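Student: Would you be able to build a 3D model of this:
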Amino acid sequence: MQNQSTRGKKNIVLGVSVFVLVLVASLLTHLPAAWVIGQQSVQSQLKASGVKLSAVDGTVWNGSVHIRYRNSELGELSWSLQPLSLLFLNLNAELNWQYQASLLSGQVQSALLSATELQLQDVKGELVATDVLNLSKGVVRLPPSMSMLEDMSGTVNIASLNSVIDLQRLWPKGLQATATVNGLNLMGNQFPQIALNASQPDSQGKIVGQLTGEGSNWNLTGKVELQSPSKYHGQLEVKAASERDLPDWAFVMQKKSPTHYLTRF
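Tutor: Numbers count the residues shown, from 1 in each chain. The predicted structure is shown next:
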């Protein structure tokens, strides 16, 4: 009788433990993202960083939020967390970011206890030129020689982007990216496809971007070195087989020869 009583108590304890675990798991699984973001400590950090979140939907595991940074609209971010990664004190999530007609998706990883870096993996998607210009206003001021970019249209198709973001410096490390510019129209001129490549030769320093494109009897090349969003320099140049083959926009650049034009910024 005593053994049966002991087994009965163990069964009750086991049953209660399982119930509590299921209840906790259920609460965590359905924990609203709006409740977490609404906490005073989270709101204080967001306010200090200039970030404002609205239209919060879903749970902490699968949800979406609308983002503003100071006076700039940054679009909508949706996420899907992988719970198993939390067992190893890591954050692993699939993110999708949309701003107007632009859309990017990729994997994000970070250590939970020492979140000093954010790893971006296999980022892909499409950026619309007008969206990029709207986002960059107030961050990068175009020099007068590049003011023609304000009227450009087209899309940037990112084939691959991998990097680690230093959260202290808010600057990438080991950036590697490849993309193409399609349907670019600038000053009434239709461009052929342009290939873009970006990298960080010294792993943590400046970002070097290069572009190449070929038109009808002319070719375009360019290089940009970016030290920070507001500290950069580079050049664009176009060369043609003959003077009459030069595109119309080439004449706003500095003339190096009858078939070679260049601009620096």
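
Student: Give me the contacts around the host helix or strand of residue 210.
Tutor: Under the criterion of DSSP states H and E, residue 210 resides in strand 207-214. For strand 207-214, the surrounding residues in contact (Cβ atoms under 8 Å, 6 or more residues apart in numbering) are 172, 175, 181, 191-201, 219-226, 234. Glycine gets a C-beta too; all of them are placed from N, C-alpha and C.

Student: So in the protein, where's the weakest helix or strand by average pLDDT?
Tutor: The weakest-scoring helix or strand in the chain, judged by mean pLDDT, DSSP states H and E, is helix 2-29 (a mean of 45).

Student: immediately after that helix, which helix or strand?
Tutor: Reading on from helix 2-29 to the C-terminus, the next helix or strand found by DSSP H and E is helix 33-37.

Student: Kindly export the helix or strand following that following helix (C-alpha atoms) in PDB.
Tutor: Following helix 33-37 in sequence order, the next helix or strand is helix 40-49 (DSSP H and E). Below are the C-alpha coordinates for helix 40-49, written out as PDB (Å, rounded to 0.1, in the frame of the first residue of the first chain):
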ATOM      1  CA  GLN A  40       9.200  50.500 -19.900                       C
ATOM      2  CA  SER A  41      12.800  49.300 -20.100                       C
ATOM      3  CA  VAL A  42      12.400  48.500 -23.800                       C
ATOM      4  CA  GLN A  43      10.700  51.800 -24.500                       C
ATOM      5  CA  SER A  44      13.400  53.800 -22.700                       C
ATOM      6  CA  GLN A  45      16.100  52.100 -24.900                       C
ATOM      7  CA  LEU A  46      14.200  52.800 -28.100                       C
ATOM      8  CA  LYS A  47      13.700  56.400 -27.200                       C
ATOM      9  CA  ALA A  48      17.400  56.900 -26.400                       C
ATOM     10  CA  SER A  49      18.300  55.400 -29.800                       C
END
